[in-house]
Each structure stands twice: as structure tokens, then as C-alpha cells.
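1. no sequence on this one, just coordinates:
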Ligand SMILES: Nc1ncnc2c1ncn2[C@@H]1O[C@H](COP(=O)(O)OP(=O)(O)OP(=O)(O)O)[C@@H](O)[C@H]1O
Ligand SMILES: [Mg+2]
């Protein structure tokens, strides 16, 4: 009897699942480490590997391991020997084709490219001194040589964007000015809408639109967005704030189709700022989360779909400004560090290419710009905001 129990226990013990050694393919060297394909054991899924990547990094004595792809029965892992974000060398051309800027490096060693035609609007969040303005500098420096109009909203009294004014087509430093400028942008949308209807196209990039009729794309940079929504005197300012919020939202909804792109920076962009903020945030699909002081802010920026992205953002240390977790076109998250672009460098780029800044009058078509009313805009969202696959830029 006793013997039988021991045998049963032994059999039980033998059946205990142990972690099986991974079946590694050939290690292929990369500039920063190596790449390897692993054959999955029966019952394993790529998720099983996703969960243990940091354990693997320790076991392999490398800085990090990432899962970069899978095929049925196989996953591909990339190991990086040293931290590629320790220093991010600049000195390259930031511009990378129309509306594309190589603003930094991903931890995979690849460029982090902001491509406005792929991901039109970006939310750039971080605590003070985390690197938000540096990223804006990189964008200014990268876009300055391109046939693109730049617009600044800088409610910190203009300290951030005034140095780049010669390359900006418009700069607003007070809320009333912002409200006017946003109304002008809605006006620009209105006239581009008419242009697109006239040529029966759904966006300004459509090949059917004659090249000479194609309007200049506009990138709008907003620093410290909270200032647009905060009210010292709610009674007096409520209307203005509501107008600002609605216009921003319309621009975000229709911007992709009409070539107007938003980069919204802020320490916090939470619903506490007002009802319009959540709707606006939902339109800003590109996300950059620098170092933040609380989980809430990281979740607000990155969403709570992937707790690992939030955890990674919370680990960014203050002595690594410019480091961020980013969500972009492939809807996966990456660690990134932007190239260090000083105010002086961005200013020099802005000066050098000042003649490329189209005047505001040219962009708006003059002072008597027509602005669609609320109802027309709502219709336009239905008509133009849903991207038609055929019409997407190539
Ligand atoms: N990628 C980077 N590499 C090296 N240094 C950086 C990088 N990004 C930013 N810095 C440095 O960190 C400091 C803070 O950066 P930045 O001004 O961009 O922060 P911020 O988030 O805009 O802060 P604030 O909210 O106070 O405006 C600056 O001195 C800047 O030079
Ligand atoms: Mg700043």
C-alpha cells in the first residue's frame, strides 16, 4: 500500500510541468546585439515569451530582449547588448521626406519617425523638464526645411516658440489670440473642404487633385495645452474656452483629410481640464509619454490596454530627459529617446528656412475667410473623417 502511494507520488512528480529549454535557431548578429528565431514547444504561444522577456535578458546577460515578430510555431527575438538610449547621437538630417521627421531612436536601434501622414495627431506628455519642448524643437528643426507651414500655440507667454517665429506662419500667445487662430484654421478647413468637393476627392493628398491645387500642409504645435482650458474666472471665460475646445476638436477630426496636423504637449491632459479634453485626446492617436509623476498620467497618455507600457513609462528616470514610451502607427509601444535639439539649434534652423514660411494671409486666403457653421462641420466629419482606404496617402 505504502509502496503504491510512493509510486503514485513519483508519477505525480514526474508529470509536473517544468519550463523547457527554448529551441533556439541561429544567432544572427545585428549592430546592437543579435537576433534569433525560437521554435515554440507544443502549447506555447508568443505571449508566453512576451511575459518572460526581462528574465531572458538577465539569463542572456544582455540589456534587453524584445519579441519582434512571430510565425506559426516560431517567434523572433532581438537582444540588445547595451542600452541604445544611453546617448542618442544627433548630427543627422532630421527631415525624412515630406511630413516625416526622425526625432529620435527607438530601443531597437531604429529611428523613431513621426510621420504625420500616417499618424496625423500626437499627444506629447511629461512632467516638467522631461523633454517635451526638446521634442518640439526636434520637430521644428526637422520640418523647417520642408514645404510645410508651422503654427505655434504657446500660452507660456511665448517663451517656447517665439525664437522660431520667423519660420512660423502664425503664433498665438494668449487665449483670445488662440481662439482667433483656431477659427482661422477651421476656415482653412472650410475652404479645403470646398476644394476637395470640387475635385470629388476625400482628402488633399488624392492623386486626382492637381498638384498646383494641393494646399500646403500645416503642422500646429501646442505647448502646455492645459493653459488653453484653465479658467481663472469661469463666468467670463467659459464661452471662450468652449469655443477653443470645439475648434480644436474639429481640427483634430478633420485635420487628416485637409492636411492640418496637431502636436499637443502638456504636463497633464486629463478630463479634469473639461469635457472637451477627453474627446480631443481620443483623436490624438500618436502618444508620447515622457517621465511622469504618477500612474494616472501615464495611463491617461498610453491608455490602460497594456500595463507594461505604463510600467515602462514609470521607470523612466529624471536623469534621462527626452526618454519616452511611444505608441505610433503599429499600435505597439516602444521606448524612445529623442535627439537632443537645443533651442539655439532649432532657432538656427528656423532662421535658415524662414523664407519657406507661407504668410498667414496666403494660407487663409485673406481676411474675409469663410468659416463653416457647426452643422456643416458635423456633416463634414461624416463625409471626410472616415479614411477611405483608396484615398490614403501612399
Ligand atoms: N533627448 C535629450 N537628450 C538630452 N537632454 C535632453 C533631451 N531632451 C531634453 N533634454 C534636456 O532636458 C531639459 C528639459 O527638457 P525640456 O525643456 O524639453 O523639458 P519640458 O518637458 O519641456 O519641461 P517644461 O515642462 O518645464 O517645459 C533641457 O535642459 C533639455 O536640454
Ligand atoms: Mg517645455
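-> Thanks, I have it. Computed from a predicted structure; not experimentally measured. Ligands and ions are numbered 1, 2, ... in the order given.
2. excluding chain neighbours, what is closest to whatever residue of the chain ends up closest to ligand 2?
-> As assessed by CB to the ion, ligand 2 sits closest to residue 133 within the chain, at 3.2 Å. (Each C-beta comes from the backbone N, C-alpha and C, glycine too.) Sequence neighbours aside, residue 160 is the residue nearest to residue 133 in space, at 5.6 Å (criterion: CB to CB, 6 or more residues apart in numbering).
3. so what's the one you found up against?
-> The contact partners of residue 160, by CB atoms under 8 Å, 6 or more residues apart in numbering, come to 133, 136, 152, 154, 223.
4. now the last one. Its backbone dihedrals?
-> To tie it back to what came earlier, the one meant is residue 223. The phi/psi pair for residue 223 (degrees, to the nearest 10) reads phi -100, psi 140.
5. can you check the third one too?
-> In terms of degrees, to the nearest 10, the main-chain angles of residue 152 are phi -120, psi 140.
6. what sits against it?
-> Counting by CB under 8 Å, 6+ apart, residue 152 has contacts 160, 161, 164, 165, 168, 170, 171, 172, 220, 221, 223.
7. restricted to helices, list the residues you listed.
-> Among the contacts of residue 152, no residue falls in helices (DSSP state H).
8. just those: which are in strands?
-> Residues of the contacts of residue 152 located in strands (DSSP state E): 168, 170, 171, 172, 220, 221, 223.
9. let's have those in CSV, adding neighbour count and distance to residue 303.
-> As requested, the ones in strands among the contacts of residue 152 are arranged in CSV below (neighbours: other CB atoms under 10 Å; distance: CB to CB, whole Å):
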residue, neighbour count, distance to residue 303
168, 22, 32
170, 22, 32
171, 19, 32
172, 23, 30
220, 23, 23
221, 27, 23
223, 22, 23
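10. taking the residues you listed, tell me the two that lie furthest apart.
-> 170 and 223 (14.3 Å; CB to CB).
11. can you get me a residue count around residue 360?
-> Using other CB atoms under 10 Å, residue 360 has 16 neighbouring residues.
12. list the contacts for it?
-> By CB under 8 Å, 6+ apart, the neighbours of residue 360 are 169, 170, 184.
13. using JSON lines, lay out those residues together with distance to ligand 1 and pLDDT.
-> Listed next are the contacts of residue 360 as JSON lines, based on distance: CB to the nearest ligand atom, whole Å; pLDDT from 0 to 100:
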{"residue": "169", "distance to ligand 1": "23", "pLDDT": "98"}
{"residue": "170", "distance to ligand 1": "21", "pLDDT": "97"}
{"residue": "184", "distance to ligand 1": "26", "pLDDT": "95"}
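14. residue 261 belongs to a strand, doesn't it?
-> Yes: applying DSSP: H, G, I helix; E, B strand; the rest coil, one finds residue 261 inside a strand.
15. of all residues in this protein, which one is closest to ligand 1?
-> residue 322 (2.1 Å; CB to the nearest ligand atom).
16. which residues touch the spatially most central residue of the chain?
-> For the chain, the residue nearest the mean C-alpha position is residue 286 (3.0 Å; CA atoms, centre = their mean). Residues in contact with residue 286 (CB under 8 Å, 6+ apart) are 114, 119, 120, 121, 122, 123, 326, 327, 328.
17. one more time with 6 Å
-> By CB atoms under 6 Å, 6 or more residues apart in numbering, the contact set of residue 286 is 119, 122, 328.
18. residues of the stretch 101-250 of the chain that sit close to ligand 1?
-> Proximity of the stretch 101-250 of the chain to ligand 1 (CB under 6 Å from any ligand atom) is limited to residues 126, 128, 129, 130, 131, 132, 133, 134.
19. neighbour-wise, give me the winner out of those.
-> These, ranked by neighbours (other CB under 10 Å): first place residue 126, 30 neighbours.
20. how many neighbouring residues does the residue nearest to it when sequence neighbours are not counted have?
-> Nearest non-adjacent residue to residue 126, counting by CB to CB, 6+ apart: residue 290, 2.7 Å away. By the measure other CB under 10 Å, the count of residues near residue 290 is 31.
21. show the backbone phi and psi for residue 290.
-> Torsion angles at residue 290 (phi, psi; degrees, to the nearest 10) stand at phi -80, psi -170.
22. confidence score at it?
-> Each residue has a pLDDT score; the one for residue 290 is 97.
23. domains in this protein, by residue range?
-> 22-80, 100-385 (automatic domain parsing).
24. for residue 94, which of those is the nearest?
-> Closest approach to residue 94 among the domains of the chain (CB to CB): domain 100-385, 3.3 Å.
25. pull the distance from the closest one to the chain's centre.
-> Centre-to-centre, domain 100-385 and its host chain are 9 Å apart (CA atoms, centre = their mean, to the nearest Å).
26. output the below-cut-off pLDDT ranges for the stretch 251-394 of the chain.
-> Where the stretch 251-394 of the chain drops to pLDDT under 70, the residues are 304-305, 367-368, 386-394.
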